[in-house]
Each structure stands twice: as C-alpha cells, then as structure tokens.
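[1] Pasting the sequence and the predicted model now:
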Amino acid sequence: MSGSYPNLRLRRTRASGWSRALHRETLLTPADLIWPLFVTEGSGVEEPIATLPGVSRWSVDGIARRAREAVELGIPCVALFPNTPAAKRSDDGAEALNPDNLMCRAVKAIRDACGHDVGILTDVALDPYTSHGQDGLVDAAGYVVNDDTVAVLVDQALNQAEAGADIIAPSDMMDGRIKAIRMALEMNGHPNVQIMSYAAKYASAFYGPFRDAVGSSGLLKGDKKTYQMDPANGDEALREVALDIEEGADSVMVKPGLAYLDVIWRVKQEFRVPVFAYQVSGEYALIEAGAAAGVGDRDALLMEKLLAFKRAGCSGVLTYHAPVAARLLGA
C-alpha cells in the first residue's frame, strides 16, 4: 500500500452510508442463499424443533408452501432433509430407495407448486433412514463399510433424480461416491443433474440440533469419526476436494462453516470452483441463543456471519436463517 496520513485517510470513504455502499467489497443478496427444510409425515403438520428455535418440520404440503415463499423472497434453491418415521428405518436404510418416500414426495410437490422457479437440492446419505443413525451400512464390528454403502448411495441418488431433484448433494463422506453417482446419472438420462459434494465435512460438535430435526440423535450408535474429517486437518480437505472435482462434482461444500473459514478460503484459492458453506444447526442455534441472552442483535449477528462466508470465497450459503436474511436484504 502506498500513501500516508494525512494524504491517505481511510475513514473518508466510511463517512456516509452512500459511500460505504459504493466501496463495499463483498455483496450479499438473497440469490446467495439456500434454505434447508425438514420434511415430516402427515398433512397440515408443522412441528417446531426445540433445539432450533424458529425452525420446524413440515409435512409435504407445508414444504411446497415454503418453496413458494423462497421464490417470493428471491431465494434460488431449497435443500430437503427427511424425518423418516422409526417404523420405516432399518439397518440397511432401504427406505432411501423408495420412490414414494418423504424426500421424493416433497420434491414432486415442490415441482408441482413452483415448476422450475426454484432449485431443489436433495441430501444423499443413509443416516435419515438407518435404525443405527450412521450414514452407511455397518458391518458386524460396527464399522461403516465404504464400497457397499456407495452402491446404495448410487441407487438413492437415482431415486431422487427420477423424482425431479436438480442438485444431488452426497453428505456421507464415503470414498469414490462422486464418480459412481456421476456415472450413474450420465448412464440413466440425468446428465444435467448437478452434484454438490459435501467434500470437506468434519466430524463436528455443531450437528446436534440437526440430528434432532431428522430424528437420528437418539439412534446414533458410536460416532462418525471413521468417515467424517478430523477438525484438526486442513491439508486433507484440499485432497478431498481435489478428488471430488476430478470425479465429477460441479460444486463443493465445506461443513460446518464458521469454524472452517480458513478451509473455505484455501479451497477457493486452490481450485477456483464454486464453494458453498453450510451454516449448520449448532451455528444457527448459537446465534438464536446469544440474541435471546442479550449478547447482541440477532439480525446483525446473522448478517455479519453470512458476510464472513462470502468474504472467505463462498458462492453461496446453506442457512436456516435464509428467509430472515432474504427479508433483511430486501428491506
């Protein structure tokens, strides 16, 4: 940087609102947001989630209304996660392959309600469908096996594509699943279905409220450290991302978001591909709890954090605050 005080006064451009807007480096709009939604059985159902204040599970008809709301707010995409009833869960997660499961019915309802005015992202992993809460098939020793799980994930992805999903988002962290899913989509008439890979998904302590939302928290046996990433590792994230891009991912995700801004930045600088962050359930809940405790203004806290994701290099952010943020940005 050249120049010195008083010839250079950096406060000059901060002195008024119009000038701050003119010189703003990072732009956040509703088009940068993806709204995660939880689907449950029934009709006319709204079930508030205690650990996610302000977030509910919705029956399929309610999900369609939320998708129309997203269109009205300028949010371009919704992400779906099912709360599968216990009676439909099994060790092998077979309900994931049912063309009439909650996920597929929600996809079809959104398509009927909104046409192609909103994108539909679907989660590919078995934890919402397994009786043990793991993201894949488990052997006798309790280890989540890789290749057999990938075979099921491929069928799950095809099931969702057939229902009308626009973006398949594998969140399981099995090795090789992006290539297998990409090949299956190509061979089965879905060449334009995108893959957003959860490429760097960490074994985080911030997922608790999400597991409550999809009904897996009380079921999980053991932990997920044999397949989700060690929070201490950054270089490994770059290896994961490189593999997924090579295998056919159209975009990649870092999850969680705020605690891994350094990883987001490194991925963007290294690969120059679309990078998304998931502001996960624990991050959302901390904002709400902090605001409720009086530590700061809720709206200011959430907007500052969303800007941090964009500043770090994100193309977009999955956040439960999407409708709130969109309204603030449109105000």
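    Good, I have the coordinates. Numbers count the residues shown, from 1 in each chain.

[2] Show the pLDDT at the spatially closest residue to Pro191 that is not a sequence neighbour.
    Distances taken as CB to CB, 6 or more residues apart in numbering place Leu185 nearest to Pro191, at 6.7 Å, with adjacent residues excluded. Every residue, glycine included, has its C-beta placed from N, CA and C. Looking at Leu185, its pLDDT is 98.

[3] cool, and Leu220?
    Here the pLDDT value assigned to Leu220 is 86.

[4] that older thread, doesn't Val193 make contact with the residue nearest to Pro191?
    Yes: the pair Leu185 and Val193 passes the contact test of CB atoms under 8 Å, sitting 5.2 Å apart.

[5] which neighbours do these two share?
    Counting by CB atoms under 8 Å, 6 or more residues apart in numbering, the contacts common to Leu185 and Val193 are Ala161, Ile168.

[6] As a check, name the ranges of all strands in the stretch 101-250 of the chain.
    Ranges of strands in the stretch 101-250 of the chain, per DSSP state E, counting those that start in this stretch, are 119-124, 167-170, 194-201.

[7] State the distance spanning the first to the last residue of stretch 162-178.
    By CA to CA, to the nearest Å, the extent of stretch 162-178 from end to end equals 18 Å.

[8] In that stretch, which of the residues would be classed as buried?
    163-174, 177-178 (16 or more other CB atoms under 10 Å).

[9] Pipe those into TSV and attach distance to Ala232 and pLDDT per row.
    Formatted as TSV, those follow (distance: CB to CB, whole Å; pLDDT from 0 to 100):
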residue	distance to Ala232	pLDDT
Ala163	38	98
Gly164	40	98
Ala165	34	98
Asp166	35	98
Ile167	30	98
Ile168	29	98
Ala169	25	98
Pro170	23	98
Ser171	21	97
Asp172	21	97
Met173	16	97
Met174	21	98
Arg177	24	98
Ile178	24	98
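
[10] Tell me the one of those nearest Ala64?
    Nearest to Ala64 out of the buried residues of stretch 162-178 is Gly164 (CB to CB; 12.7 Å).

[11] In contact with that closest one, which residues?
    Neighbours of Gly164 in contact, by CB under 8 Å, 6+ apart: Val107, Lys108, Ile110, Arg111, Ile120.

[12] With distance to Val152 added, can I get the residues you listed in JSON lines?
    Shown next, in JSON lines, are the contacts of Gly164 (distance: CB to CB, whole Å):
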{"residue": "Val107", "distance to Val152": "19"}
{"residue": "Lys108", "distance to Val152": "22"}
{"residue": "Ile110", "distance to Val152": "24"}
{"residue": "Arg111", "distance to Val152": "25"}
{"residue": "Ile120", "distance to Val152": "21"}
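
[13] Correct me if wrong: Glu209 contacts Phe38.
    Residue 209: Pro, not Glu. No: applying CB under 8 Å, one finds Pro209 not in contact with Phe38, separated by 10.7 Å.

[14] who touches both of those two?
    Applying CB under 8 Å, 6+ apart, one finds that Pro209 and Phe38 are jointly contacted by Ile49.

[15] neighbour count winner among the two?
    Phe38 (27 against 23; other CB atoms under 10 Å).

[16] Could you report the pLDDT at the more buried one?
    98.

[17] Over to Ala331?
    pLDDT recorded at Ala331 is 57.

[18] Show me the helices in this structure, by range?
    Here the chain has its helices, by DSSP state H, at 17-22, 60-73, 102-114, 147-163, 177-187, 208-213, 235-247, 261-271, 281-292, 298-312, 322-330.

[19] possible to save the ones you listed as JSON lines with distance to Ala86?
    JSON lines is the format used below for the helices of the chain (distance: least, CB to CB, whole Å):
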{"stretch": "helix 17-22", "distance to Ala86": "51"}
{"stretch": "helix 60-73", "distance to Ala86": "19"}
{"stretch": "helix 102-114", "distance to Ala86": "13"}
{"stretch": "helix 147-163", "distance to Ala86": "19"}
{"stretch": "helix 177-187", "distance to Ala86": "26"}
{"stretch": "helix 208-213", "distance to Ala86": "14"}
{"stretch": "helix 235-247", "distance to Ala86": "33"}
{"stretch": "helix 261-271", "distance to Ala86": "35"}
{"stretch": "helix 281-292", "distance to Ala86": "21"}
{"stretch": "helix 298-312", "distance to Ala86": "33"}
{"stretch": "helix 322-330", "distance to Ala86": "29"}
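
[20] nearest to Leu126, of the ones you listed?
    Closest approach to Leu126 among the helices of the chain (CB to CB): helix 147-163, 6.6 Å.

[21] residues of the closest one that come out buried?
    Residues of helix 147-163 classed as buried by neighbour count (16+ other CB under 10 Å): Thr149, Val150, Val152, Leu153, Val154, Gln156, Ala157, Leu158, Asn159, Gln160, Ala161, Ala163.
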